[in-house]
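J.: what would the 3D arrangement of this be:
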Amino acid sequence: ECVRATFFLIGRNASAHPALVRRMAAEGHTIGHHSFAHPNLKYLKPAAAEAEIDKGIAADELALHGVATTTPGTPFFRFPYFESTPHLLDRLQSRGIAVFGADLWASDWEPRTAEAQLKLLTDRLKLAGKGIILLHDPKAQTAAMLPAFLRYLRDNHYRVVHLAPAPRGAGIARVP
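T.: Model (predicted):
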């Protein structure tokens, strides 16, 4: 359906499948970060939570670019379980890393048919009208549902927006 997605990668999965990570990027998708092992960072000590974030970024960057760095090429992060702390939010902000949430989701961590998942998601979208949609790419039911969902979006005049970082050096300037 000619759309691009933003994949928030779990570092251990990126480490296990670096060719897939490179393929995602080569096909024009955006690579964001989602920790190394997907723990609930809210319940870790601050230093351990920061280390988990950095380990995930380094694993994603190694898979993508062949260099393990904690400076992300794409400064996007999503907290596992949407659970953050003020300290972690401040640390990511100080590093120029944008934190993303989601407005609606397909609840695809729960077993259901692709058809049932499509109905749930389209019903939620009708109520919300728009927003960031969370899907989990390793789920077979999500993969099976996705073509029909993308057709639904097209047929109902929704627009899929590709999230990408601003070019280096770009920013907001004050006009005198």
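
J.: counting contacts, what elements does the top helix by length along the chain pack onto?
T.: Using DSSP state H to define each element, the chain has its longest helix at helix 46-65. Packing partners of helix 46-65 (3 or more CB pairs under 8 Å, 6 or more residues apart in numbering; DSSP states H and E): strand 6-9, helix 11-16, helix 18-26, strand 30-33, helix 86-94. To be clear about C-beta, it is placed using only N, CA and C from the backbone, and glycine gets the same treatment.

J.: alpha carbons of the third one, as PDB, please.
T.: Once side chains and other backbone atoms are set aside, the C-alpha atoms of helix 18-26 remain, and they are given as PDB (Å, rounded to 0.1, in the frame of the first residue of the first chain):
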ATOM      1  CA  PRO A  18      20.300  -7.300  11.800                       C
ATOM      2  CA  ALA A  19      19.500  -8.000   8.100                       C
ATOM      3  CA  LEU A  20      15.800  -7.300   8.800                       C
ATOM      4  CA  VAL A  21      16.700  -4.000  10.500                       C
ATOM      5  CA  ARG A  22      18.800  -2.900   7.500                       C
ATOM      6  CA  ARG A  23      15.900  -4.000   5.200                       C
ATOM      7  CA  MET A  24      13.400  -1.900   7.100                       C
ATOM      8  CA  ALA A  25      15.700   1.200   6.800                       C
ATOM      9  CA  ALA A  26      16.500   0.400   3.100                       C
END
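
J.: list the buried ones in it?
T.: By neighbour count with 16 or more other CB atoms under 10 Å, helix 18-26 contains the buried residues Pro18, Val21, Arg22, Met24, Ala25.

J.: out of those, who's nearest Gly73?
T.: Ranked by distance to Gly73 (CB to CB), those are led by Ala25 at 9.0 Å.

J.: please report the distance of that closest one from Ala49.
T.: 26 Å (CB to CB, to the nearest Å).

J.: and if you look at His38?
T.: Distance from His38 to Ala49, by CB to CB: 12 Å.

J.: of those two, which one has the most company?
T.: Ala49 (22 against 15; other CB atoms under 10 Å).

J.: please name the residues that touch the residue nearest to that one when sequence neighbours are not counted.
T.: Nearest residue to Ala49 in three dimensions, chain neighbours excluded: Leu41, at 4.3 Å (CB to CB, 6 or more residues apart in numbering). By CB atoms under 8 Å, 6 or more residues apart in numbering, the contact set of Leu41 is Ser35, Ala49, Glu52, Ile53, Phe79, Pro80, Glu83, Ser84, Thr85, Leu88.
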